[in-house]
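Student: Next one to model:
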Amino acid sequence: MNYLELTGAAVGLIYLALEYRASIYLWIAGFVMPAIYVFVYYEAGLYADVGINVYYLMASVYGWCCWLYGRRKHRDTSAPRELPITRTPVRLYGWLAAAFLLTLLPIAWILIRFTDSTVPWLDSFTTASSIVAMWMLARKYLEQWLAWILTDVVCCGLYLYKELYFTAALYGLYALIAVFGYRKWKKMIPSGQ
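Tutor: The predicted model follows:
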């Protein structure tokens, strides 16, 4: 039994509950969980997932700041207002797709050329889609849940293949909860959005 993996999965459940509630404290759990998973994924030979967890550490600080200070009134810049949940602007979809591809292809090339990864394309896919989904979460876009559903389903299969059973179960649960999270956040969007 991998106790480090089990601890990471437990922190992941806390993270998921906080994300579902749209609580800013998700970013604290979002800092602790990737710190643990850097070691879990390195041991499993999922090198792109090691990299994505380093990104998650940095993104947690960014997300905390965005959610806390992301929406200031023009007249009163001293009083922070928490960022509201909104829909992803249509103009961003092309940029998000480009960011996904510009992340996926170089990571896959690096994993194929320089590592002993047995799953370079899947590892690259989950990394690239996670980068996009995490940025969308930091901006509090509703559709981040849809990106996470796809990412979590692929991760679940990948981690089963790599015999990371607690982590696979966690990501299966993430995918299921993401469906409910999408519905909940959709109801939380301010009227007129």
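
Student: my guess is Leu6 meets Phe166, correct?
Tutor: Yes: applying Cβ atoms under 8 Å, one finds Leu6 in contact with Phe166, separated by 5.3 Å. C-beta: built from backbone N, CA, C; applies to glycine.

Student: which of the two has more neighbours?
Tutor: Phe166 (19 against 16; other Cβ atoms under 10 Å).

Student: which SS state does that one fall under?
Tutor: Taken by DSSP: H, G, I helix; E, B strand; the rest coil, the conformation at Phe166 corresponds to helix.

Student: Helix or strand: which one has the spatially closest residue to it that is not a sequence neighbour?
Tutor: Leaving aside its sequence neighbours, Phe166 sits nearest to Ala9 (Cβ to Cβ, 6 or more residues apart in numbering; 4.5 Å). Using DSSP states H and E, the element containing Ala9 is helix 3-20.

Student: export that helix as PDB, just CAs?
Tutor: Provided in PDB are the C-alpha atoms of helix 3-20 (Å, rounded to 0.1, in the frame of the first residue of the first chain):
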ATOM      1  CA  TYR A   3       0.600   5.700   2.000                       C
ATOM      2  CA  LEU A   4       1.800   8.800   0.100                       C
ATOM      3  CA  GLU A   5      -0.700   8.100  -2.700                       C
ATOM      4  CA  LEU A   6      -3.500   7.400  -0.200                       C
ATOM      5  CA  THR A   7      -2.700  10.800   1.600                       C
ATOM      6  CA  GLY A   8      -2.700  12.600  -1.800                       C
ATOM      7  CA  ALA A   9      -6.100  11.000  -2.600                       C
ATOM      8  CA  ALA A  10      -7.500  12.100   0.800                       C
ATOM      9  CA  VAL A  11      -6.300  15.700   0.200                       C
ATOM     10  CA  GLY A  12      -7.800  15.400  -3.300                       C
ATOM     11  CA  LEU A  13     -11.200  14.600  -1.800                       C
ATOM     12  CA  ILE A  14     -11.000  17.700   0.400                       C
ATOM     13  CA  TYR A  15     -10.000  19.700  -2.700                       C
ATOM     14  CA  LEU A  16     -13.000  18.400  -4.600                       C
ATOM     15  CA  ALA A  17     -15.400  19.200  -1.900                       C
ATOM     16  CA  LEU A  18     -14.100  22.800  -1.700                       C
ATOM     17  CA  GLU A  19     -14.100  23.200  -5.500                       C
ATOM     18  CA  TYR A  20     -17.700  21.900  -5.600                       C
END
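
Student: Understood, closing this out.
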